[in-house]
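Q: could you look at this predicted model? Sequence included:
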Amino acid sequence: MPVLESKLDTRDESFQKNKSDMAETLGEIQALLDEAAEGGGEEAMARLASIGKMPIRERIAAVLDRDTPFLEISPLAAWRSPFAIGSGFVVGIGTIEGVECVILGHDPSVRAGAFNAFNSKKLMRGLELARENRLPYVQFVESAGADLRGEAGGDPEAAIQREIGHFAESGRLFYEITELSKMRIPTVSVVFGASTAGGAYQPGMSDYNIFIKNQARVFLGGPPLVKMATGEDADPESLGGADMHTQVSGLGDYLAQDEMDGIRLCREVVRHLNWTKLGPEPDEEFEEPVHEAEDLLGLVAKDLRTPFDMREVIMRIVDSSYFEEFKPLYGPTLVCGWAKIHGYPVGILGNNGALFSESSEKAAQFIQLNNQIHVPLLFLHNITGFIVGTDFEQGGITKNGSKMINAVANSTVPHISILTAASYGAGNYGMSGRAFGPRFTYIWPFAKIAVMGPKQMAGVMTIVGRNAAKRRGIEFDEEADQKRAAVAEHWAEERSKGLFATSRVSDDGMIDPRDTRATIAMSLSACYNNKVEGTKEFGTWRM
């Protein structure tokens, strides 16, 4: 298998400019991550400490095996929203007693761990990861239930409608937790504090429940609601305390003396699960890439119109920089081939331009081949879309592009998508974007995702408006259109940015390009908890 040779000139002025821009952006992102780690802020954290409670990230760190990583999902959720960055929940994949688990933690320093529109998405994504990858599900519960305050400001009627929609969606978590148990995927709850309403059903639907003495309080309705509904003046401990639930109601299975004791019990529960992965083990005798990951910082320009060779990414993330390229002379705008990452075999598809008929056909064949040999697929996005134009339509681009999308949709091996730069329109779908259900999706800092580029979108709207005016026999207002186009382009640009996309939980997180290899390896390892099986069954193709 050939070792890829780099043609990247790291002394080039444009490379150095890209690297400087990336370093600056990564610094800004790290500041946001630091803010997310602060939860509800210094005062809220001090209040937790004063009553002997650990911050949520310390709880998670304590339950993980020593010196093992934690792959956090959507850490920047709710950026530029009325809610705290991170949304008040921490979700990710970590190793407990040698077992990879999905771990969800309510942050009690953020609105008492209450549910909102953003963290509900994170919670549902965590449940989806557990289900698809067959990962035990561990939740650290301390929740006031739904956030009745909703989003600050705005139209009250609109806020009510949002809350109704949020209520309908968040209720799905009860079903999902139960379904995991039905699928023989263990669910474990450690209840650290008051867990009301929806928060009560999290342990209520779990296989194993650990309650912290003098802290855990689980009830469908807390004392205020009980008073309003029945007139009873209920005592919190008698109503839903840890002692009551472990000695009287039977909801609690284990009574922990304090938080660290609860974490110890959680590790003991996971230890006895007798959990084994269903997928094959990786080749442990792998070697690191020949080329430096540091070079990835200078590869992508802020101006995504600047091209780069996706092979330069591949050679910096695959074992030994070995890459067996498939059909290298056919459909060159899509690079396809086989490699290994941390010993796991993987088929890679990376964009080197728009998708033409030839590259689309190559992709469809390559995806089929990987399904035949049960090898996961890695999609590296830098795609403006499928090529358009009269000649290309007559040449069958819609037909051949549909073959690629058909292959992606019907493929059953795990897919992992990395948005390195542009990911526009149907090109996003063809490269297994989020709508096509990849197991994991990550995004680089300069990446953009949209229906089309902002300038193209504004231009299309202008052409449509001009044609409409012509049909109606009225004069087209060029000045007004320029103002409208400028506003549309500005907002399209802002909403296409990777940071906006990741904050709306449309991917699993924004990553430092240098961490791409490790992130993919952890994702592949999670996938291999389940069987990795391909399919030969595909839909009808217009050959």
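A: Cool, the structure landed. Numbering: from 1, shown residues only.
Q: residue with max distance from the center of the chain?
A: residue 473 (49.3 Å; CA atoms, centre = their mean).
Q: measure that residue to residue 304 for me?
A: 40 Å (CB to CB, to the nearest Å). No exception for glycine: its C-beta is placed from N, CA and C like everyone else's.
Q: what does the lengthiest helix in the chain contact?
A: If you go by DSSP state H, the chain has its longest helix at helix 13-37. Helix 13-37 is contacted from outside by 8-10, 57, 75-76, 79, 84-86, 297-302, 306, 445-446, 499, 510, 512-513, using CB atoms under 8 Å, 6 or more residues apart in numbering.
Q: helix or strand right after it?
A: helix 42-50 (DSSP states H and E).
Q: list the buried residues for the helix or strand just after that next one?
A: Next in sequence after helix 42-50, counting helices and strands by DSSP H and E, comes helix 56-63. Across helix 56-63, burial judged by 16 or more other CB atoms under 10 Å covers 56, 57, 59, 60, 63.
Q: re the thing from before, just the angle for the longest helix of the chain relative to helix 56-63, thanks.
A: Following axes from the mean of the first three to the mean of the last three CA atoms, to 10 degrees, one obtains 90 degrees for the angle between helix 13-37 and helix 56-63.
Q: other SSEs contacting the top strand by length along the chain?
A: As assigned by DSSP state E, the longest strand anywhere in the chain is strand 415-424. If you count contacts as 3 or more CB pairs under 8 Å, 6 or more residues apart in numbering; DSSP states H and E, strand 415-424 packs onto strand 377-383, strand 440-443, strand 448-450, helix 516-527.
Q: which stretches of the stretch 401-543 of the chain aren't confidently modelled?
A: 452-454, 456-458, 488-492, 542-543 (pLDDT under 70).
Q: redo that, cut-off 80
A: Low-confidence segments of the stretch 401-543 of the chain, defined by pLDDT under 80: 451-461, 481, 483-495, 540-543.
Q: coming back round to it: out of the contacts of helix 13-37, which are buried?
A: Neighbour-count burial (16+ other CB under 10 Å) applied to the contacts of helix 13-37 gives 8, 57, 75-76, 79, 84-86, 297-301, 445-446, 499, 510, 512-513.
Q: just the ones of those residues in helices?
A: Short answer: the buried ones among the contacts of helix 13-37 in helices (DSSP H) are 57, 499.
Q: okay, and the helix or strand of the protein with the least pLDDT?
A: helix 156-170 (a mean of 53; mean pLDDT, DSSP states H and E).
Q: center of the chain - which residue?
A: residue 508 (1.4 Å).
Q: what's around the closest residue to residue 97 other than its chain neighbours, how many residues?
A: Spatial nearest neighbour of residue 97, excluding adjacent residues (CB to CB, 6 or more residues apart in numbering): residue 271 at 4.3 Å. Residues contacting residue 271 under the criterion other CB atoms under 10 Å number 13.
Q: again with the one 5 residues further on
A: Applying other CB under 10 Å, we find 7 other residues in the vicinity of residue 276.
Q: now swap in the one 4 residues further on and tell me
A: The burial metric for residue 280, expressed as a neighbour count using other CB under 10 Å, is 12.
Q: how about it, what does it touch?
A: Per CB under 8 Å, 6+ apart, neighbours of residue 280: 528, 532.
Q: which SS class is it?
A: coil (DSSP: H, G, I helix; E, B strand; the rest coil).
Q: over to residue 309?
A: Residue 309 ends up coil, using three-state DSSP.
Q: residues in contact with the residue nearest to it when sequence neighbours are not counted?
A: Spatial nearest neighbour of residue 309, excluding adjacent residues (CB to CB, 6+ apart): residue 352 at 6.3 Å. The contact partners of residue 352, by CB under 8 Å, 6+ apart, come to 307, 309, 310, 311, 332, 333, 334, 335, 382.
Q: gap between residue 352 and residue 336?
A: Counting by CB to CB, the gap from residue 352 to residue 336 is 11 Å.
Q: repeat for residue 301
A: Noted for residue 301: a distance of 25 Å to residue 336, by CB to CB.
Q: where do the helices of the stretch 101-250 of the chain begin and end?
A: 117-133, 156-170, 172-182, 198-204, 223-230, 236-240, 242-244 (DSSP state H, counting those that start in this stretch).
Q: residue 461: which of the ones you listed is closest?
A: Across the helices of the stretch 101-250 of the chain, residue 461 has its closest neighbour in helix 156-170 (26.1 Å, CB to CB).
Q: follow-up on the earlier one: ok, the residue nearest to the centre of the chain touching residue 434?
A: No: using CB atoms under 8 Å as the test, residue 508 is too far from residue 434 to be in contact (9.0 Å).
Q: now do the shared contacts for the two.
A: Common neighbours of residue 508 and residue 434 (CB under 8 Å, 6+ apart) are residue 441.
Q: give me every residue that touches the nearest residue to residue 353 once chain neighbours are set aside.
A: Excluding the flanking residues, the one nearest residue 353 by CB to CB, 6+ apart is residue 333, at 3.4 Å. By CB under 8 Å, 6+ apart, the residues touching residue 333 are 351, 352, 353, 354, 355, 356, 359.
Q: of those, buried ones?
A: By 16+ other CB under 10 Å, the contacts of residue 333 give 351, 352, 353, 354, 355, 356, 359 as buried.
Q: distance-wise, check the second one relative to residue 455.
A: In this structure, residue 352 and residue 455 are separated by 22 Å, where distance is defined by CB to CB.
Q: quick check, residue 361 in contact with residue 401.
A: No: the criterion here is CB under 8 Å, and residue 361 misses it with residue 401 at 9.4 Å.
Q: looking at the two, which one has more neighbours?
A: residue 401 (26 against 21).
Q: buried sites along whichever strand or helix holds the more buried one?
A: Residue 401 is part of helix 397-410 when elements are defined by DSSP H and E. Residues of helix 397-410 classed as buried under the neighbour-count rule (16+ other CB under 10 Å) are 397, 400, 401, 402, 403, 404, 405, 406, 407, 408, 409, 410.
Q: which of those residues sit farthest apart?
A: 397 and 410 (20.2 Å).
Q: quick one: contacts for residue 353?
A: Going by CB under 8 Å, 6+ apart, the list of residues near residue 353 reads 307, 332, 333, 334, 359.
Q: sec struct for it, please.
A: From three-state DSSP, the assignment for residue 353 is coil.
Q: wait, residue 217 touches residue 238, no?
A: No: the pair residue 217 / residue 238 is not scored as a contact, 10.3 Å apart, by CB under 8 Å.
Q: compare those two (neighbour count), which wins?
A: residue 217 (24 against 11).
Q: for the more buried one, give its distance to residue 209.
A: From residue 217 over to residue 209 the distance is 13 Å, taken as CB to CB.
Q: so what's the residue count around residue 175?
A: Neighbour number of residue 175 under other CB under 10 Å is 11.
Q: any idea how far residue 131 is from it?
A: Counting by CB to CB - residue 175 and residue 131 are separated by 11 Å.
Q: which SS class is residue 276?
A: Relying on three-state DSSP, one would call residue 276 coil.
Q: any idea how far residue 19 is from it?
A: Applying CB to CB to residue 276 and residue 19 gives a distance of 44 Å.
Q: what comes up buried for the longest helix of the chain?
A: 15, 18, 19, 21, 22, 25, 26, 29, 32, 33, 36.
Q: list just the nearest of these to residue 195.
A: residue 36 (22.7 Å).
Q: next one, pLDDT for that closest one please.
A: Looking at residue 36, its pLDDT reads 96.
Q: pLDDT value on the residue lying closest to it once chain neighbours are set aside, please?
A: Residue nearest to residue 36 in three dimensions, not counting chain neighbours: residue 86, with 3.6 Å by CB to CB, 6+ apart. pLDDT recorded at residue 86 is 96.
Q: and if you look at the one 5 residues further on?
A: What the model reports as pLDDT for residue 91 is 98.
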